[in-house]
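Participant: the amino acid sequence is not available; the structure is as follows:
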């Protein structure tokens with residue numbers, strides 16, 4: 001901590017304490033100040049001692065103390081070395097700083113306790129029946145919650161490993177149920193749901209490449225549309241499916257035709273048939 005930061009925080013703390021005292025004197029008068037109004041100034045005195053120790057540690061001994069040294073470095077440090085003297089003084093200041101810090105915190109706690117005690121002065125207290133039993137019950141519940149929440153972060157990885165198979169199987173089964181197609185009377189050409197909601201196996205489409213002189217035909221349809229030297233594009237017949245009285249889904253097929261003339265220029269055209 002820098003020197004400027006140290007004394008800036010000290011000035012703010014003293015200013016707030018002065019403002020508190022001024023508010024109390026304005027509200028109740030100087031003679032009506034209570035215990036907590038005096039305890040807060042005792043805390044300021046201890047805080048002054050702590051800030052002075054921090055200033056001495058940083059300025060006079062340059063932050064040196066009996067820490068940050070390996071056993072070999074400590075053994076090699078001579079008692080005649082000025083660093084040895086600075087580290088001894090710094091260690092004493094460090095212990096004194098810890099002591100004043102603890103005293104400061106407890107003085108502030110006493111100040112707050114006296115303030116709450118003053119708030120309850122003159123108020124009637126009605127002890128409920130079986131108050132000891134109620135206190136023990138609530139104390140047991142609170143300690144249970146404290147023990148549970150303290151141990152939960154440590155056992156969470158173990159619980160995660162135990163529950164992962166069950167959670168994954170549950171999620172997988174729900175996804176599988178959500179992806180099942182509903183049973184219907186639709187028939188599809190080239191695959192889909194068959195009668196009774198059963199899944200019909202999809203045939204692998206017939207792929208053929210035919211070349212006739214300068215004409216090349218790529219056929220990915222399940223229909224053979226090439227006969228001799230002519231290219232015939234037949235419309236799929238739906239009479240058989242309509243005769244069964246069922247709905248029909250017609251699949252479109254795309255045919256790509258590539259032609260090449262005598263000069264070597266290629267032309268490609270695509271057709272879509274039903």
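Facilitator: Arrived safely. The model shown is predicted, which means the values in this text are computed figures rather than measured ones.
Participant: pLDDT below threshold where in the stretch 51-200 of the chain?
Facilitator: Across the stretch 51-200 of the chain, the ranges flagged by pLDDT under 70 are 124-131, 171-200.
Participant: what are the boundaries of the helices in it?
Facilitator: Residue ranges of the helices in the stretch 51-200 of the chain, as given by DSSP state H, counting those that start in this stretch, are 71-76, 82-119, 131-179.
Participant: those helices: which one's closest to residue 27?
Facilitator: For the helices of the stretch 51-200 of the chain, the distance to residue 27 is smallest for helix 82-119, at 12.8 Å, taking C-beta to C-beta. C-beta: built from backbone N, CA, C; applies to glycine.
Participant: show me what that closest one packs onto, helices and strands only.
Facilitator: Applying 3 or more C-beta pairs under 8 Å, 6 or more residues apart in numbering; DSSP states H and E, one finds that helix 82-119 contacts helix 35-59.
Participant: list the buried ones in the helix it packs on?
Facilitator: For helix 35-59, the neighbour count (16 or more other C-beta atoms under 10 Å) marks 36-37, 39-41, 43-44, 46-47, 50-55, 57-58 as buried.
Participant: helices or strands up against that helix?
Facilitator: So helix 35-59, by 3+ C-beta pairs under 8 Å, 6+ apart, packs with helix 3-28, helix 82-119.
Participant: buried deepest among the ones you listed, which one?
Facilitator: helix 82-119 (a mean of 15; mean count of other C-beta atoms under 10 Å).
Participant: can I get the helices of the stretch 51-200 of the chain in JSON lines with distance to residue 9?
Facilitator: Formatted as JSON lines, the helices of the stretch 51-200 of the chain follow (distance: least, C-beta to C-beta, whole Å):
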{"stretch": "helix 71-76", "distance to residue 9": "33"}
{"stretch": "helix 82-119", "distance to residue 9": "13"}
{"stretch": "helix 131-179", "distance to residue 9": "33"}
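Participant: nearest to residue 19, out of those helices?
Facilitator: helix 82-119 (15.3 Å).
Participant: rewinding a little: to residue 14, which of the helices of the stretch 51-200 of the chain lies closest?
Facilitator: helix 82-119 (13.4 Å).
Participant: and residue 2, which of the helices of the stretch 51-200 of the chain is closest to it?
Facilitator: helix 82-119 (16.3 Å).
Participant: tell me which of the helices of the stretch 51-200 of the chain sits nearest to residue 64.
Facilitator: Closest approach to residue 64 among these (C-beta to C-beta): helix 82-119, 4.6 Å.
Participant: returning to what we had before: export the helices and strands packed on helix 35-59 to JSON lines and tack on distance to residue 161?
Facilitator: Converted to JSON lines, those look like this (distance: least, C-beta to C-beta, whole Å):
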{"stretch": "helix 3-28", "distance to residue 161": "47"}
{"stretch": "helix 82-119", "distance to residue 161": "42"}
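Participant: between the helices of the stretch 51-200 of the chain, which gets nearest to residue 18?
Facilitator: With C-beta to C-beta as the measure, helix 82-119 is the member of those nearest residue 18 (15.2 Å).
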